[in-house]
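In: Show me how the following folds:
(chains A, B, C, D, E and F)
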6 protein chains.
Amino acid sequence: MFFHNSKLQYEVRIDKPNPLFAKMLQQAIGGIEGEIRVAMQYFFQAMGARGDSKYRDLLIATATEELSHIEFLGHAVALNLEDAPLSMQEEAAKDPVVGAILGGMNPRHILSSGLSAMPVNSNGVPFDMSHVYATGNIGADMMANVTAEAGGRVLASRLYSMTDDAGMKDMLAFLIARDTMHQQQWLAVVEELGGMEGTLPIPNSTPQDHEATKHSYVFLNTSLDKEAATGRWTSGKSLDGRSEFSVAPAEPMGQEPSLGKARKGSGAQTQQM
Amino acid sequence: MFFHNSKLQYEVRIDKPNPLFAKMLQQAIGGIEGEIRVAMQYFFQAMGARGDSKYRDLLIATATEELSHIEFLGHAVALNLEDAPLSMQEEAAKDPVVGAILGGMNPRHILSSGLSAMPVNSNGVPFDMSHVYATGNIGADMMANVTAEAGGRVLASRLYSMTDDAGMKDMLAFLIARDTMHQQQWLAVVEELGGMEGTLPIPNSTPQDHEATKHSYVFLNTSLDKEAATGRWTSGKSLDGRSEFSVAPAEPMGQEPSLGKARKGSGAQTQQM
Amino acid sequence: MFFHNSKLQYEVRIDKPNPLFAKMLQQAIGGIEGEIRVAMQYFFQAMGARGDSKYRDLLIATATEELSHIEFLGHAVALNLEDAPLSMQEEAAKDPVVGAILGGMNPRHILSSGLSAMPVNSNGVPFDMSHVYATGNIGADMMANVTAEAGGRVLASRLYSMTDDAGMKDMLAFLIARDTMHQQQWLAVVEELGGMEGTLPIPNSTPQDHEATKHSYVFLNTSLDKEAATGRWTSGKSLDGRSEFSVAPAEPMGQEPSLGKARKGSGAQTQQM
Amino acid sequence: MFFHNSKLQYEVRIDKPNPLFAKMLQQAIGGIEGEIRVAMQYFFQAMGARGDSKYRDLLIATATEELSHIEFLGHAVALNLEDAPLSMQEEAAKDPVVGAILGGMNPRHILSSGLSAMPVNSNGVPFDMSHVYATGNIGADMMANVTAEAGGRVLASRLYSMTDDAGMKDMLAFLIARDTMHQQQWLAVVEELGGMEGTLPIPNSTPQDHEATKHSYVFLNTSLDKEAATGRWTSGKSLDGRSEFSVAPAEPMGQEPSLGKARKGSGAQTQQM
Amino acid sequence: MFFHNSKLQYEVRIDKPNPLFAKMLQQAIGGIEGEIRVAMQYFFQAMGARGDSKYRDLLIATATEELSHIEFLGHAVALNLEDAPLSMQEEAAKDPVVGAILGGMNPRHILSSGLSAMPVNSNGVPFDMSHVYATGNIGADMMANVTAEAGGRVLASRLYSMTDDAGMKDMLAFLIARDTMHQQQWLAVVEELGGMEGTLPIPNSTPQDHEATKHSYVFLNTSLDKEAATGRWTSGKSLDGRSEFSVAPAEPMGQEPSLGKARKGSGAQTQQM
Amino acid sequence: MFFHNSKLQYEVRIDKPNPLFAKMLQQAIGGIEGEIRVAMQYFFQAMGARGDSKYRDLLIATATEELSHIEFLGHAVALNLEDAPLSMQEEAAKDPVVGAILGGMNPRHILSSGLSAMPVNSNGVPFDMSHVYATGNIGADMMANVTAEAGGRVLASRLYSMTDDAGMKDMLAFLIARDTMHQQQWLAVVEELGGMEGTLPIPNSTPQDHEATKHSYVFLNTSLDKEAATGRWTSGKSLDGRSEFSVAPAEPMGQEPSLGKARKGSGAQTQQM
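Out: You can find the predicted model right below:
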């Protein structure tokens, strides 16, 4: 069950409101790299967690933290919109700076939200929950979480570079730090579960006879004009310790597909029947 | 530039067509764990690849392979639909097996595609390209790829268990094997780039002074009634080798947010002004 | 800032797991009538709240409660999936009850989530955040909230009727009760702000000269063959106390639209130019 | 059955075409606050209307009017695009006003629609029909309709403030007026059905023993550091006249959730089993 | 401007309600082959029509007819839901026919719409307006319209075969007929505009020097193992009368792409810089 | 099965990178008129092709070519982003040209993709696979393909006009040419199948007695104030050679719909029962 404290997890200060930066910050709220996604992803993973309950606790604890990130980012968006123009008066349109703001900001920050944050990305596309990756497999889930936090820290680092506002830089430095920790903690779970050898291949519960293992450690080169790119993946022991990597040209092993004629009543043209 | 051979990468045999299994196989084509996603994800990552060109080559080679996976899975869906009922005749509705098939299969396999594969998941929801994760950061991208292949192998393993058809089991065993290799190869890139110490935190190019590092290695416990879940993430050296893990209770560090009164002309109620 | 207690807000008991009911319960999690929607809607309204801060407090308090509703509903979905079939063995397919379950349940509850809740509705369509209605206008927002809670209580009442499970009925009776209160509380805000006369028309800050008031209280009948449906909306004092209702036949007041010829370079056919 | 008159419901005049305003007007066509939504919402409610047929007539009459609103707004968008730049010539890019227009307008107004209206919002996101709220419950539907019209009038008021064009102001003043009436008429239905006491809780047909009524009139405070926000919702007679409001701290009443170990064949990691 | 007559365009009779068929009929309302799509597509094309105004009149006339198709199909869905089960009582679950109905029907027809039509397809996916094809080019638009009507008639034919209900067959025979006419009328516009020679290539206003015409009439074979499929497209006069068809093997004409190193501050890994 | 050559199908040169044009080019990658759509549409049509196998070969050959179009367009987007600003420094914001670029470009080209192409349109909306039209009917599919190529050539022509960059013009001239050929080849299939008389109505396999043929060749005028627009569609032989066109006023032939009272337990208001 959730509870709330009226103060933000981190302080939000803005020296100079900037509606263009408000639009960009939306990516950190409603983008696939954003905080709604991680909050909901960890929440649903927690609700489906099976096995040692400490992983459920870990997931829900961080899900809860991410909800607080949405909250202070939402406040940052609103504060950046404080002075946004509410009309397109002739003078404004002729002032190129105001013109660029009006053209560049998210119009729905004026028209739809009344100068506050929305659950959309920096293109104004609403977040959709298909991005909540929660498989019931702790290995797959941890990788999805590292992915989310890697994308999140890439985004926060780019936002940090975009702005000159000291308050915004301070807040983003906090987010960058938390994304560092969250990358670490999900990988720490993998390490605790035995590292790559204990984890791979995911799922590690698939019976060996469900797998055509002669295809499991060979890099297939589909290039017509270049040798296979060689690296750690083309030779040496496989990362799960079960085999050796090799490389081979890709080749068709199957038939030429044919579905024959269309069935009567299937809505095809007579020429197909 | 792409080319095509008329034969499938892998043979598709079906002993007994099953429209319910056709619906389930759609998850491997148009689901977030499916082949359209990985084909497009590796393709877009390749198009944005910067740095050593061998990673671009690796990405495009496997993107090309995944296109071939779509192709044989698509054929498998069509073959599973061979005998699907095209009418709801009284007799059929009274036969509980036919009734269950009519109720359980994807009606659009009859109504929209004429008994062939569609770019949708097993709920009939079309794949959308927001799931193509391609950040321009090779670390984040490799994690996204492992996530995709982990989800893919979890899915293929579940599909393998669902079916009794020998041909389908054979095809899925091949997919399970390829997903093993693909998990390995993306993690092999990470290893080649220096493993966790060389890679973390992602992005590793963020200047140290852009990060509030005192928050970077501490697990925050937001639970009101339980101690922090302890593990590899609460003590010991951090995975990037830069610090030590610790644990702390989560606490608000920010202000109580307040946006004050609504601006004139902002479309609020007068009581808010 | 958010915190979490490890216990659920309400107890979840299930006498007999039912995968079909798991699918239906998803509507209460990820449907437009569901709990993700209200949690996020109240949260974003709170973040954009301006004027008396007590409304922000009210919104965030209930947003927090709704997060807890997601949590116990998610647990209910997982418990209903406990015995779901994981294979399509011949015997099962011939048992019409198992066949109906396999055909009727959400296949992604097996294939994608590993027998746990997902942020999707009962058709498997993921929730998308465009349904978070938060306008910056407290009148419009309260109406959106009553709408959400009305839809929610309609849904919970229908789910209550669908199930025979005593545990599920108990949980749903709690939800029905909370939806009663939430309908009440949002309407109580409207009453506190002056009721209909104090609130309508929304927004009540629009200057009178921005409105063509001769069209503001007349019901337009667009029917060609029936008299206007008469009722409270066709005569008597308007609900905002500013005028009298009347009724009139709808009639075109504008021009026949014409865009003339296509511009050169606009990509039209030459015949349009 | 529908018919059409070649003239617009309201006159559309534009003194000076403005492609940025064309983009903003799209919100009134294809936004969640827009006319496609209300036209389709009232249409589908009418098709599902049960009980006194006059409500069906009322709904379809206004659905028909809203179709006419789409039509004149669509014309307004096209007229605002009359002079939009069709090339990015060097001179233009150097003229900051033209540059701002090219950067700020919807590029698909050039690339996709050939200078005419599209069924998208002001971010270019297509309208999707999940926003058609039609529950089969007249109380819930009326609230959804007031919400839609409140959002619509907030939007129209904001658009009115954004523009200096006399023709556009005239057209928007008409829309503002119609939204006033439509708010009124849906609330008038509620009044006719007995007002709050006759309507609440929605649905009012839920048997009393399906509801855990001890939770039905109590405001739950989930705040850890603040007293409950008090108001009309914390004391006094409830709005449905059935009880008294009270307030209580939120507390967990349920168990700590646990799903135990993963089932064999469910695709989890062995460590979860 | 639109008006409405209270009677349906075509009579709807149902001998035996069938909730499974109600689900299937939804494809004709909210599917990409359905009536919402054509109504809105012709409406938006009409609003953007330039050139001879009779095409605008033609488009709006048929848009209006399609609105009436939505209406009678919506009624047909509701009538098919008349006897749908509203509970999952033990007896019902044990009756395989009722079980198949409960598993096979759209659960939202019970949970969300209260036994009436929704603007969704037969998978329950809401229609989204991105499928409104309206380009401002009358040639492209007519082709889009033929496509829509071809898909619509394929769908109606399949629905006709699915049902045994005489009333439903009668209604679908009407739809099949109207789709015949609508295919004809859009192609008749093409014929009137000069047929293929007068229309192709679309747009026919593109200046000849904007096209690399040596690539305009050659079929490129990308197959590695098969000769080009020969037919009308590989030899003989081109359909626009401007050239001769030929065939050639596809070959790369461009460079190997390379983006070089990542820029500083672009959020890449240091290894990419 | 697919293979890849490391060189692009066509050369990509850019004289002067332009982030605004990068945004516009996205329409040709991830728009409904773009290359992902045609690649996937032809691919799925090929996988469902029945009848003469040469049409499958033709479809897959061109699907393969379209994948190569995505590739060179993706490279063009990345090259146009080469010099995009990575920060919002005060100086930049004051330079109106830089300001317009920052306001006008897709912010996710900086924030999400790290200066490379994305599978989104020019509004940043991700492509979704519902636009893959593949019906199993070769007539309907060919029309869908002509539609796609017509929209594609309209788009490419508009992009050609937008840019001054010689390299971009050269690449777009190639695309314009290929779209010419692809329009031709799909219409050539129709001609080979017997032209309009052999193809219409689609599907031509629908038994005559499934169609209410008295409604099949009559244009219905739904206008209240204008005569029917006359043309090739109102008189003369029908295009399929089976009948004569005529015209008639549209009239209701059906009943006034009524659903009567709501069922008990259906979640309606008591006033509806």
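
In: Domain boundaries for chain A, per the record?
Out: Chain A breaks down by automatic domain parsing into domains covering A:19-197, A:206-249.

In: Can you lay out these as CSV showing mean neighbour count and mean pLDDT?
Out: Every C-beta, even on glycine, is put in place using the N, C-alpha and C of the backbone. As requested, those are exported to CSV (neighbours: other C-beta atoms under 10 Å in any protein chain shown; pLDDT from 0 to 100):
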stretch, mean neighbour count, mean pLDDT
domain A:19-197, 24, 95
domain A:206-249, 17, 96
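
In: And the strands in chain A?
Out: Chain-ordered strands for chain A, with DSSP state E as the definition, fall at A:2-4, A:218-221, A:246-249.

In: I'd like those strands written out as JSON lines, with distance to C:Ala144 added.
Out: Putting the strands of chain A into JSON lines (distance: least, C-beta to C-beta, whole Å) gives the following:
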{"stretch": "strand A:2-4", "distance to C:Ala144": "21"}
{"stretch": "strand A:218-221", "distance to C:Ala144": "53"}
{"stretch": "strand A:246-249", "distance to C:Ala144": "58"}
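
In: Specify the stretch among those strands that is closest to B:Arg108.
Out: Distances from B:Arg108 to each of the strands of chain A were compared using C-beta to C-beta; the shortest belongs to strand A:218-221, at 33.1 Å.

In: for the domains of chain A, which one sits closest to C:Glu66?
Out: Put simply, out of the domains of chain A the one that sits nearest C:Glu66 is domain A:19-197, at 11.9 Å, with distance taken as C-beta to C-beta.

In: Give me the distance from that closest one to the chain's centre.
Out: From the chain centre to the centre of domain A:19-197 is a distance of 9 Å (C-alpha atoms, centre = their mean, to the nearest Å).

In: Is there proximity between that domain and chain D?
Out: Yes. Domain A:19-197 lies within reach of chain D by C-beta under 8 Å from any C-beta of the partner chain, at A:47-53, A:56, A:86-90, A:93-94, A:96, A:99-100, A:102-104, A:106-108, A:110-112, A:114, A:120, A:123-126, A:135-139, A:193-194.

In: where along the stretch 1-150 of chain A do the helices fall?
Out: In the stretch 1-150 of chain A, the segments counted as helices under DSSP state H, counting those that start in this stretch are A:19-30, A:35-47, A:53-80, A:90-94, A:96-104, A:107-111, A:138-162.

In: Can you check what angle separates the fifth one from helix D:19-30?
Out: Compare the direction of helix A:96-104 with that of helix D:19-30 by axes from the mean of the first three to the mean of the last three C-alpha atoms, to 10 degrees and you get 30 degrees.

In: Is helix A:96-104 positioned near chain B?
Out: No. Looking at helix A:96-104 against chain B by C-beta under 8 Å from any C-beta, there are no contacts, and the closest approach is 14.7 Å.

In: picking up where we left off before, now tabulate the domains of chain A in CSV and tack on distance to chain E.
Out: Conversion of the domains of chain A to CSV gives the following (distance: least, C-beta to the nearest C-beta, whole Å):
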stretch, distance to chain E
domain A:19-197, 5
domain A:206-249, 8
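
In: would TSV of these with distance to D:Ala78 be doable?
Out: Below are these laid out as TSV (distance: least, C-beta to C-beta, whole Å):
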stretch	distance to D:Ala78
domain A:19-197	19
domain A:206-249	48
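
In: Kindly state which of those domains is positioned closest to chain F.
Out: Distances from chain F to each of those were compared using C-beta to the nearest C-beta; the shortest belongs to domain A:19-197, at 2.2 Å.

In: Briefly note if that closest one comes near chain F.
Out: Yes. Between domain A:19-197 and chain F, judged by C-beta under 8 Å from any C-beta, the touching residues are A:20-21, A:23-24, A:27, A:31-33, A:96-97, A:99-101, A:103-105, A:121-125, A:154-155, A:158-159, A:161-164.

In: Regarding that domain, how distant is the last residue from the first?
Out: 49 Å (C-alpha to C-alpha, to the nearest Å).

In: again with stretch A:195-203
Out: Counting by C-alpha to C-alpha, you get 14 Å between the two ends of stretch A:195-203.

In: cool, stretch A:155-170 as well?
Out: Distance between the boundary residues of stretch A:155-170 (C-alpha to C-alpha) amounts to 15 Å.

In: And A:Met118, how far from chain B?
Out: 15 Å (C-beta to the nearest C-beta, to the nearest Å).

In: Surely that residue is in contact with C:Gln45?
Out: No. The pair A:Met118 / C:Gln45 is not scored as a contact, 11.2 Å apart, by C-beta atoms under 8 Å.

In: Need the residues touching each of these two.
Out: Taking C-beta atoms under 8 Å, 6 or more residues apart in numbering or on different chains as the contact rule, the neighbours common to A:Met118 and C:Gln45 are C:Ala134.

In: picking that back up, with respect to B:Ser235, which of the domains of chain A lies nearest?
Out: Checking those against B:Ser235 by C-beta to C-beta gives domain A:19-197 as the closest, at 10.1 Å.

In: That closest one and chain C in contact?
Out: Yes. Part of domain A:19-197 sits near chain C under the criterion C-beta under 8 Å from any C-beta, namely A:30, A:36, A:40, A:43-44, A:47-48, A:50, A:57, A:60-61, A:63-65, A:67-68, A:70-71, A:74-75, A:78, A:112-120, A:126-130, A:132, A:134-137.

In: Let me see the contact set for A:His182.
Out: Residues near A:His182 by C-beta under 8 Å, 6+ apart: A:Val38, A:Thr62, A:Asn145, A:Glu149, A:Gly152.

In: Format those residues as JSON lines; extra columns: distance to B:Ser216.
Out: Supplementary listing: these in JSON lines, determined by distance: C-beta to C-beta, whole Å:
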{"residue": "A:Val38", "distance to B:Ser216": "17"}
{"residue": "A:Thr62", "distance to B:Ser216": "15"}
{"residue": "A:Asn145", "distance to B:Ser216": "17"}
{"residue": "A:Glu149", "distance to B:Ser216": "12"}
{"residue": "A:Gly152", "distance to B:Ser216": "14"}
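
In: now, among those, which is nearest to C:Tyr10?
Out: Minimum distance to C:Tyr10 across the contacts of A:His182 is 23.9 Å, recorded for A:Thr62 (C-beta to C-beta).

In: is it true that A:Glu211 touches B:Thr180?
Out: Yes. Because the distance of 6.8 Å satisfies C-beta under 8 Å, A:Glu211 is recorded as touching B:Thr180.

In: separation between whichever residue of chain A sits closest to chain D and F:Ala148?
Out: Ranked by C-beta to the nearest C-beta, the top residue of chain A for proximity to chain D is A:Gly103, at 2.1 Å. To F:Ala148, A:Gly103 is 31 Å away according to C-beta to C-beta, to the nearest Å.
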